[in-house]
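Student: Provided below for reference: sequence and predicted model.
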Amino acid sequence: MPSVKIKTPPLPLLASHTGHPHEAGLDEAGRGCLAGPVFAAAVILPPDFNPPFLNDSKQLTARRREALRALICAEAVAWAVGEASTTEITSLNIAQASYLAMHRAVAGLAVPATHLLVDGNRFRPYPELPHTCVVGGDGRYRHIAAASILAKTFRDEHMLALAQEYPQYGWAQNAGYPTAAHRAALRAHGPSPHHRPTFRLEY
């Protein structure tokens, strides 16, 4: 008799880790790209904010990400986006540049955070502000999921603008990630000023 696989439905996302009313979710986008800056977002949500389809940005279609971005920006207690440039990625390394982008996002919050809930397993402490790292947090907490959506959509928008100047790399489709087409374009055209020279470009 053939076995039957039962798909377990995902658990509902949690509103908070600490219960602090101004706990901010923090996530980044673009860490694994070959080109462009790394973006990060910090988001403080109302405790009852729980729209349909809110999830890790990688689990969503582009249309749903954009719809949720508009909702998050309209209804969040506070939100902010930060970035670190290709030059900063080169001089600092990608991990430190990601932390810099996250710090800039936290600094941009109109309402100060009381605690930071960070997606991942490492973070450079923000001055005088406690934090907790959560691996896979963008699929567990609403405000980290919201931060992942903002970081992803704002970065994609930025790469779409750069693609107008450098259409040969396909950034409108790959957002700077190392797809086969992107690597083929690097072999054909060499790197642009927005490529990360410390990454393995293999052109």
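Tutor: Yep, it's here. Residues are numbered from 1 along each chain as shown.
Student: got the contact list for the closest residue to T18 other than its chain neighbours?
Tutor: Once flanking residues are discounted, T18 sits nearest to H115: 5.0 Å by CB to CB, 6 or more residues apart in numbering. Backbone N, C-alpha and C define where each C-beta goes, glycine included. Contacts for H115 were tallied using CB atoms under 8 Å, 6 or more residues apart in numbering; they are 17-18, 20, 22-24, 129-132.
Student: Alpha carbons of the lengthiest helix in the chain, as PDB, please.
Tutor: Secondary structure of the chain per DSSP state H: the longest helix is helix 142-165. Output of helix 142-165 as PDB, limited to C-alpha atoms (Å, rounded to 0.1, in the frame of the first residue of the first chain):
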ATOM      1  CA  ARG A 142       5.400  39.100  11.700                       C
ATOM      2  CA  HIS A 143       7.600  42.200  12.100                       C
ATOM      3  CA  ILE A 144      10.700  40.300  10.700                       C
ATOM      4  CA  ALA A 145       8.600  39.100   7.800                       C
ATOM      5  CA  ALA A 146       7.500  42.700   7.200                       C
ATOM      6  CA  ALA A 147      11.100  43.800   7.400                       C
ATOM      7  CA  SER A 148      12.100  41.100   4.900                       C
ATOM      8  CA  ILE A 149       9.400  42.400   2.500                       C
ATOM      9  CA  LEU A 150      10.500  46.000   2.700                       C
ATOM     10  CA  ALA A 151      14.200  45.200   2.400                       C
ATOM     11  CA  LYS A 152      13.500  43.000  -0.700                       C
ATOM     12  CA  THR A 153      11.100  45.300  -2.500                       C
ATOM     13  CA  PHE A 154      13.100  48.500  -1.900                       C
ATOM     14  CA  ARG A 155      16.300  46.700  -3.100                       C
ATOM     15  CA  ASP A 156      14.500  45.300  -6.100                       C
ATOM     16  CA  GLU A 157      13.300  48.800  -7.000                       C
ATOM     17  CA  HIS A 158      16.800  50.100  -6.700                       C
ATOM     18  CA  MET A 159      18.200  47.300  -8.900                       C
ATOM     19  CA  LEU A 160      15.500  48.000 -11.500                       C
ATOM     20  CA  ALA A 161      16.600  51.600 -11.700                       C
ATOM     21  CA  LEU A 162      20.300  50.500 -12.200                       C
ATOM     22  CA  ALA A 163      19.100  48.100 -14.900                       C
ATOM     23  CA  GLN A 164      18.100  51.100 -17.000                       C
ATOM     24  CA  GLU A 165      21.700  52.100 -17.200                       C
END
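Student: Can you list the helices and strands that that helix packs against?
Tutor: strand 23-29, strand 38-44, helix 62-75, strand 78-84, strand 115-119, helix 171-174 (3 or more CB pairs under 8 Å, 6 or more residues apart in numbering; DSSP states H and E).
Student: rerun that using 10 Å as the cut-off
Tutor: In terms of contacts (3 or more CB pairs under 10 Å, 6 or more residues apart in numbering; DSSP states H and E), helix 142-165 is packed against strand 23-29, strand 38-44, helix 62-75, strand 78-84, helix 94-107, strand 115-119, helix 171-174.
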